[in-house]
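> Okay, structure incoming, though there's no sequence with it:
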Ligand SMILES: NC(=O)C1=CN([C@@H]2O[C@H](COP(=O)(O)OP(=O)(O)OC[C@H]3O[C@@H](n4cnc5c(N)ncnc54)[C@H](O)[C@@H]3O)[C@@H](O)[C@H]2O)C=CC1
Ligand SMILES: N[C@@H](CC=O)C(=O)O
Ligand code: NA
């Protein structure tokens, strides 16, 4: 039996996610009230334009352009408008006026998270953000709660639906990057500015959030090494396929030993990477996301599902709403963020991984030996070499024309050693071109 008063819920933003949150909240109000032990009353939805088209049916009388008044009258504020300002200001206003806050805004958390968490802790409020990473996939709560008794060593994540959709289309020999991006935008996966997706900013924000939770350390977004997918070519994707790999935009968060000090540190990076087709992450298609977690006691875990999309993301927002509302009913302060470990954030040069390097070389005797010596001079150990003659007509006729392609796989090496090797290869008289350098993960 419900005895607690109705809780007043305000939604900020009625775009892809917000319109679905409002519609589901209205549609399932009774069921959600049963789970919470109190009614959840949607008191208003802040929008910029009262007449803009919506992706779901929401009563016009709930729309308002006065976000501040709406916030001041709410018990729980759901922010799904995106951007840094006024989202930050609104959430600060909500927290300081005694409301709990739910947000899907990873850009905001990765930039202003520490100050917002500090305010939440000070006032005893909750700040929930399950939708901010992996959309519908439960990953924030598993890292924060379920794995809080374990020691996470590494996270490999496909955390951006738009780029996974694009790379998947390229892998299947389909659309160009531009065509696939247009479809991802139409389907509501892409950010308002899709540069955030294709240049890896969105994935870097999510990597910062995941690394902070996994390693109990505040990892700022500018501590995340970032490379997007605009340099990935159809040729690279096709070549990866031929050698048993797929290209994915990966977020890699690791606990490492600092080579300088020997002390523990953490690293977070986002870049295109080769993954063997046998790895579970290789089977993540379309706009789906997956987060592969390696923990000391639990071993390997994979969290998989819809990483983007309005209605799917609304599921995570409503899950947070039920949790926040339950605490209102039972009372007590919110759970604070744990950053007690405070590990140093290591630069990309401290990372070790494997690489696949593709070179166009002269096809004449002694070339392979010269290239091998460049690797050994820089302490990078070669694991495998594949050679193909690209222009048999050039063979033996013009010793200076690029006549062969070499695909070289390395054992683990540091980024610093790899960068020096690639620079030396580019300068070598027997190398016509460095065609591609990709990191290999998941082996
Ligand atoms: N679309 C998706 O698949 C996912 C989105 N997110 C995050 O959810 C948030 C919302 O994303 P979408 O719904 O896709 O964006 P959207 O661009 O479709 O919707 C945002 C809405 O908020 C409104 N808005 C912006 N500033 C406002 C203001 N000052 N006052 C009132 N309304 C304002 C906009 O007019 C727009 O209608 C973003 O932070 C995004 O990163 C998170 C996971 C998945
Ligand atoms: N633009 C994002 C939306 C979800 O966070 C993506 O494509 O993953
Ligand atoms: Na999630």
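Yes, it's here. Just so we're clear, the structure is a prediction, and the values are computed from it rather than from any experiment. Ligands and ions are numbered 1, 2, ... in the order given.
> Each with direction, which strands does the helix or strand hosting residue 409 pair with?
Taking DSSP states H and E as the definition, residue 409 sits inside strand 402-410. Strand 402-410 pairs in its sheet with strand 352-362 (antiparallel), strand 382-389 (antiparallel), by DSSP bridges.
> what does it contact?
By CB atoms under 8 Å, 6 or more residues apart in numbering, the surrounding residues in contact with strand 402-410 are 239, 243, 354-364, 367-368, 371, 375, 380-392, 394-395, 418, 432-433, 435, 440. In short, each C-beta sits where N, CA and C put it, glycine included.
> buried subset of these?
Applying 16 or more other CB atoms under 10 Å to these, the neighbour count classes 239, 354-364, 367, 371, 375, 380, 394, 418, 432, 435, 440 as buried.
> how would you label residue 343: helix, strand or coil?
Put simply, residue 343 is coil when judged by DSSP: H, G, I helix; E, B strand; the rest coil.
> List the contacts of residue 432.
By CB under 8 Å, 6+ apart, the neighbours of residue 432 are 359-362, 401-402.
> Distance of it relative to ligand 1?
Residue 432 sits 43 Å away from ligand 1, going by CB to the nearest ligand atom, to the nearest Å.
> Also residue 341?
In terms of CB to the nearest ligand atom, residue 341 sits 27 Å off from ligand 1.
> any idea how far that residue lies from ligand 2?
Residue 341 is 26 Å from ligand 2, where distance means CB to the nearest ligand atom.
> Kindly tell me how buried the nearest residue to that residue once chain neighbours are set aside is, as a neighbour count.
With sequence-adjacent residues excluded and distances taken as CB to CB, 6 or more residues apart in numbering, residue 341 is closest to residue 216, at 3.9 Å. Applying other CB atoms under 10 Å, we find 18 residues neighbouring residue 216.
> quick one, what contacts residue 216?
With CB under 8 Å, 6+ apart, residue 216 has these contacts: 338-343.
> contacting residues for the nearest residue to residue 258 once chain neighbours are set aside?
Distances taken as CB to CB, 6+ apart place residue 265 nearest to residue 258, at 4.4 Å, with adjacent residues excluded. Residues near residue 265 by CB under 8 Å, 6+ apart: 255-258, 343-346, 350.
> Out of the contacts of residue 432, give me the two with the largest separation.
359 and 401 (14.4 Å; CB to CB).
> Could you report the separation of residue 271 from residue 200?
7 Å (CB to CB, to the nearest Å).
> Which one of the two is surrounded by more residues?
The neighbour comparison of residue 271 against residue 200 (other CB under 10 Å) goes to residue 200, with 27 against 23.
> phi, psi of residue 293?
As for residue 293, its main-chain torsions (degrees, to the nearest 10) stand at phi -110, psi 130.
> what about residue 19, which helix or strand?
Assessed by DSSP H and E, residue 19 sits inside helix 16-27.
> Is ligand 3 within reach of that helix?
No - if you take CB under 5 Å from the ion as the test, helix 16-27 misses ligand 3, and the best it gets is 12.0 Å.
> What helices and strands are in contact with that helix?
strand 7-12, strand 40-46, helix 310-330 (3 or more CB pairs under 8 Å, 6 or more residues apart in numbering; DSSP states H and E).
> per-residue confidence averaged over the strand holding residue 409?
Averaged over strand 402-410, pLDDT sits at 90.
> cool, stretch 197-210 as well?
98.
> Next: stretch 181-194.
91.
> and it, anywhere near ligand 2?
Yes - for a cut-off given as CB under 6 Å from any ligand atom, stretch 181-194 has contacts with ligand 2, namely 189-191.
> who touches both of residue 271 and residue 200?
226-227, 249.
> For these, which entry has the maximal number of neighbours?
residue 249 (26 neighbours).
> Cross-check the residues of stretch 181-194 next to ligand 2 against ligand 1 and keep the overlap.
Okay, of the residues of stretch 181-194 next to ligand 2 touching ligand 1 (CB under 6 Å from any ligand atom), that's 189, 191.
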